[in-house]
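S.K.: Would you be able to build a 3D model of this:
(one chain, ligands or ions: 1)
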Amino acid sequence: MLMHEVLIVGGGLAGLMAASTISGKVDTAVLSKVYPTRSHSGAAQGGFNAVMGADDSIEAHVFDTVKGSDYLGDQEAIEVLCSDGPGVIFELEKMGVPWTRRDDGVIAQRSLGGAGFPRACFAADFSGHVVLHTLFEQILKLGVKVYPEWHLLELLLEDGCVSGALVYDVPNARLEVIRTKQVILATGGYGRAFAKTTNAHANTGDGMAIAYRAGAVLSDMEFVQFHPTTLYGTNILISEAARGEGGYLRNAAGRRFMSDYAPAKMELAPRDVVSRAIFKEIKEGFDGHYVHLDLTHVGEAHVAERLPQVREISIRYAGVDPVGSPIPIEPAQHYSMGGVRTDIWGRTSLDGLLAAGEVSNVSVHGANRLGGNSLLETVVFGRRAGNKAAELAKNQPWPDLSTKTVERSIEPWKELLAAGPRKADRDDSTVFVRKEMTTLMTNQVGVFRTGKELENAVEGLMQLRERYGRLAPPRGKQPFNLALLDYLEVGYLLDLCELIARGALARAESRGAHYRTDFPRRDDKNWLAHTFALRGEKGPRFETGQVSITRYQPQERGY
Ligand SMILES: Cc1cc2nc3c(=O)[nH]c(=O)nc-3n(C[C@H](O)[C@H](O)[C@H](O)COP(=O)(O)OP(=O)(O)OC[C@H]3O[C@@H](n4cnc5c(N)ncnc54)[C@H](O)[C@@H]3O)c2cc1C
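M.R.: Sure, this is the predicted structure:
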């Protein structure tokens, strides 16, 4: 059995920021199912929002975020996000992040959707990549223990308190128990629940499902972000930075159609608004497949300086050089707004468990996240969760972790890892279940939702769950048993899909990214509330919770 006072699960930006904060205060380890620098955070291009110039203000950032969230964001948490932002950007700079600069040497900022000001700090269009690598260098320098390619299987609880984790060492096909005082979950989102997504293959919502199974409260799971501009066909993200640097959206007639939907903000309206507009326009032209993102007027030098990755992706995966031709794009799932409910220090409803980053729901995004606010959230709340976990771990004795608890949780896994021939599924497989699940989610729990389709989706998911229960798990002791990991991940996703679909069915209104064609208006009287989901004896149990409103009363949202 291994022991670490704080165990951070996840080597993306939230996990590494927490680790760099804690290091030196208490004994800390980072566990990650993919090598940390391959975490999904590395794909982020656009930037980190933070108020840097005298013309902008924290108040404006708070207001843009509250409005963007369609008034479901918790204003107390949003104030923390925005106020801590500038300090974290400078902290990252001191660690060595090479932010892109203006000619006068000041950190450059670009416009992203829903912001009243060019507020996103960036490093060309490699923003997530450079910060991830800088943080990883820092934690190696600080001597944080890293377990790369180790997979969290279960949280171990004693008397309702998290006191350990059962983990799987993937290269060596071995189980291990890690005893700990505090766990910080930083396991990212569940994008792979959808067939069309910008997310990495690793984004299977493990941490959310594992926390839910352990009894933690999840919140606002029905809110799923769909990014307006992903490459038609592959759904690789074409960053909002492309519109921030001047890109236009054009329909089949070549017209900038956003003037019909958001005349003031045009292409830089929030993502929920732009995605719905694109969906409608797609129906009108290009055989119902895509619309165009046009950068041809932006200029080759500017594209080369600010959007090199966008250009390379378009050439490589669509055969289109954006300097000379428009890029075909369509919306796809992009971000998990819901997650493990936390307070502003990352504490969850379970003792000994904290969460930060996309796995969590501290509710800074509410019903719709603004571009640039998620990267900011990872570092602001990663740091806060790190500080809180260190403080708690320092002042507490080692919690009990009985042999009985450990044995009870290990037993079923031993069976899975037993050597011996793998039982093949004759008529069904994880691959089929996954394919049907993701297609169902994209088609029936997508940008536009109806009660009827959501009912069908819930029924379909229940059938898939039954089929999943009948699958023979891909057993075996071989290193990198990816079939076993696939099987586990589909199990996590099925849990979460049920919460998303049931939550969406229950919420009889339209708010932010949750758009019900049968309830097209926002209903503050009945639905200005969070959805809390808990695991019950016979399936999920839903409750509602109050939204924190400090300064800004809900208003009609127009752009
Ligand atoms: C293509 C793309 C571009 C984006 N661009 C921007 C942007 O410009 N600005 C912005 O604000 N936001 C952006 N976002 C969103 C933002 O990048 C993510 O929300 C953020 O990086 C998530 O960071 P994280 O640390 O929470 O999780 P991740 O970076 O996803 O890391 C999760 C970690 O958890 C580990 N993990 C998961 N499950 C397990 C398990 N069972 N056991 C062990 N380890 C596990 C993984 O190995 C990984 O290390 C973008 C998203 C995408 C998809």
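S.K.: How about the contacts made by the residue lying closest to residue 368 once chain neighbours are set aside?
M.R.: Using Cβ to Cβ, 6 or more residues apart in numbering and skipping the chain neighbours, the partner closest in space to residue 368 is residue 512 (3.3 Å). No exception for glycine: its C-beta is placed from N, CA and C like everyone else's. Applying Cβ atoms under 8 Å, 6 or more residues apart in numbering, one finds that residue 512 lies in contact with 69, 70, 72, 223, 272, 337, 366, 367, 368.
S.K.: cutoff 6 Å now
M.R.: Neighbour list for residue 512: 70, 272, 367, 368 [criterion: Cβ atoms under 6 Å, 6 or more residues apart in numbering].
S.K.: what's the following helix or strand after the lengthiest strand in the chain?
M.R.: Using DSSP state E, we find that the single longest strand of the chain is strand 174-185. For strand 174-185, the succeeding helix or strand toward the C-terminus, using DSSP states H and E, is helix 206-214.
S.K.: other SSEs contacting that next one?
M.R.: Helices and strands touching helix 206-214, by 3 or more Cβ pairs under 6 Å, 6 or more residues apart in numbering; DSSP states H and E, are strand 339-341, helix 482-506.
S.K.: if we go to 8 Å?
M.R.: Contacts of helix 206-214 with other secondary structure elements, assessed using 3 or more Cβ pairs under 8 Å, 6 or more residues apart in numbering; DSSP states H and E, are made with strand 150-158, strand 174-185, strand 218-219, strand 339-341, strand 353-355, helix 482-506, strand 529-536.
S.K.: Which among the ones you listed is found nearest to residue 118?
M.R.: Minimum separation from residue 118 across the helices and strands packed on helix 206-214 (Cβ to Cβ) falls at strand 339-341, 28.6 Å.
S.K.: What lies in contact with that closest one?
M.R.: Counting by Cβ under 8 Å, 6+ apart, strand 339-341 makes contact with 185, 189, 207-208, 211-212, 216-221, 348-349, 353, 355, 358-361, 532, all of which sit outside it.
S.K.: for stretch 523-531, same thing?
M.R.: Counting by Cβ under 8 Å, 6+ apart, residues outside stretch 523-531 touching it are 71-72, 219-222, 338, 363, 503, 506-509, 511, 542-547, 554.
S.K.: Same question for that stretch: list its buried residues.
M.R.: If you call a residue buried by 16 or more other Cβ atoms under 10 Å, then stretch 523-531 has these buried ones: 524, 527, 528, 530, 531.
S.K.: And stretch 51-63, by the same measure?
M.R.: Of the residues in stretch 51-63, those scored as buried under the neighbour-count criterion (16+ other Cβ under 10 Å) are 51, 52, 56, 58, 60, 61, 62, 63.
S.K.: My read is that the fourth one contacts residue 82, right?
M.R.: Yes. When contacts are counted by Cβ atoms under 8 Å, residue 58 is listed as touching residue 82 (5.0 Å).
S.K.: what touches both of these two?
M.R.: Common neighbours of residue 58 and residue 82 (Cβ under 8 Å, 6+ apart) are residue 51.
S.K.: Can you list the residue ranges for helices in the stretch 1-150 of the chain?
M.R.: Listed in chain order, the helices of the stretch 1-150 of the chain (DSSP state H, counting those that start in this stretch) span 13-22, 58-68, 75-95, 127-142.
S.K.: between the longest one and helix 127-142, how big is the angle?
M.R.: Angular relation of helix 75-95 and helix 127-142 on a 0 to 180 degree scale: 70 degrees, by axes from the mean of the first three to the mean of the last three Cα atoms, to 10 degrees.
S.K.: before we move on, the earlier item: tell me if the longest strand of the chain is near the ligand.
M.R.: No. With Cβ under 6 Å from any ligand atom as the measure, strand 174-185 is seen stopping short of the ligand, the closest distance being 8.4 Å.
S.K.: helices or strands next to that strand in the packing?
M.R.: With 3+ Cβ pairs under 8 Å, 6+ apart as the test, strand 174-185 has strand 2-9, strand 150-158, strand 161-169, helix 206-214, strand 353-355, helix 373-394, helix 403-417 packed against it.
S.K.: Comparing the ones you listed, which stretch has the densest surroundings?
M.R.: For these, ranked by mean neighbour count under the definition mean count of other Cβ atoms under 10 Å, the leader is strand 353-355 at a mean of 29.
S.K.: what residues does it touch?
M.R.: Residues contacting strand 353-355 (Cβ under 8 Å, 6+ apart): 155, 162, 182-186, 207, 211, 214, 216, 339-340, 342, 345-348, 385, 388-389.
S.K.: Count the residues that sit near the residue in the stretch 301-450 of the chain positioned nearest to the ligand.
M.R.: In the stretch 301-450 of the chain, no residue comes nearer to the ligand than residue 357, which is 2.4 Å away by Cβ to the nearest ligand atom. Counted with other Cβ atoms under 10 Å, the neighbours of residue 357 add up to 33.
S.K.: Could you do residue 339 as well?
M.R.: Counted with other Cβ under 10 Å, the neighbours of residue 339 add up to 32.
S.K.: now do residue 356
M.R.: Counted by other Cβ under 10 Å, the residues lying close to residue 356 total 35.
S.K.: from what I can see it touches residue 343, true?
M.R.: No. Counting by Cβ under 8 Å, no contact exists between residue 356 and residue 343, whose distance comes to 11.5 Å.
S.K.: Run through who's touching stretch 404-411.
M.R.: Judged by Cβ under 8 Å, 6+ apart, the contacts made with stretch 404-411 from elsewhere in the structure are 1, 154, 156, 157, 158, 164, 166, 175, 177.
S.K.: how about the residues of the stretch 201-350 of the chain near the ligand?
M.R.: Residues of the stretch 201-350 of the chain lying close to the ligand by Cβ under 6 Å from any ligand atom are 202, 203, 206, 207, 237, 334, 335.
S.K.: Residue 442 versus the fifth one, what's the distance?
M.R.: By that I understand residue 237. Shown here: residue 237 relative to residue 442, a distance of 16 Å by Cβ to Cβ, to the nearest Å.
S.K.: now the fourth one
M.R.: When distance is defined by Cβ to Cβ, residue 207 is 23 Å away from residue 442.
S.K.: From residue 12, how far off is the closest residue to the ligand within the stretch 51-200 of the chain?
M.R.: Among all residues of the stretch 51-200 of the chain, residue 188 sits closest to the ligand, at 2.5 Å; criterion: Cβ to the nearest ligand atom. Counting by Cβ to Cβ, the gap between residue 188 and residue 12 amounts to 6 Å.
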